[in-house]
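A.B. asks: Sharing a model prediction with you, sequence too.
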Amino acid sequence: MTILRRAAVAGLMTLVLGGAAAPAATASQTVAPEPATGITKIWHVTVQCHIVRISDNHVVGYERADGSGNTKTKALNNAKRNVPVPEGHRKRHCDAKRWW
């Protein structure tokens, strides 16, 4: 308990005096390399949606579209936006068919 209290007091004093509280590196500790900046994963997805006629609410077919984004959610939303919907119709039940 006293070791933890000493570490807390030392860290608090370092912050009060305006320094940064950084633990001293020992031989057993290793420093992880920083990730490369500017490299991001680009997700791609293919979705398939039902095309529904609004007048009688019947499914008249399916349409597919591709999309991409920095996250899976952004890629899925982009693909859903890219689905071509004819006038007088709407899309529903869009399912992700392929991720890469």
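C.D. replies: Done, it's in.

A.B. asks: Show me where this structure has its strands.
C.D. replies: 43-53, 58-69, 89-99 (DSSP state E).

A.B. asks: Could you work out which of those reaches nearest to residue 81?
C.D. replies: strand 58-69 (7.1 Å; CB to CB). No exception for glycine: its C-beta is placed from N, CA and C like everyone else's.

A.B. asks: Tell me which strands that closest one pairs with, and in which orientation.
C.D. replies: For strand 58-69, the paired strands and their directions (DSSP bridges) read strand 43-53 (antiparallel).

A.B. asks: Check which residues of the partner strand are buried.
C.D. replies: 43, 45, 46, 47, 48, 49, 50, 51, 52 (16 or more other CB atoms under 10 Å).

A.B. asks: Would you mind confirming that the second one is in contact with residue 64?
C.D. replies: No: counting by CB atoms under 8 Å, residue 64 is not a contact partner of residue 45; they are 10.7 Å apart.

A.B. asks: Turn the buried residues of strand 43-53 into TSV, including pLDDT and distance to residue 74.
C.D. replies: Formatted as TSV, these follow (pLDDT from 0 to 100; distance: CB to CB, whole Å):
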residue	pLDDT	distance to residue 74
43	96	8
45	97	10
46	98	15
47	98	13
48	98	19
49	98	18
50	97	23
51	97	24
52	97	25
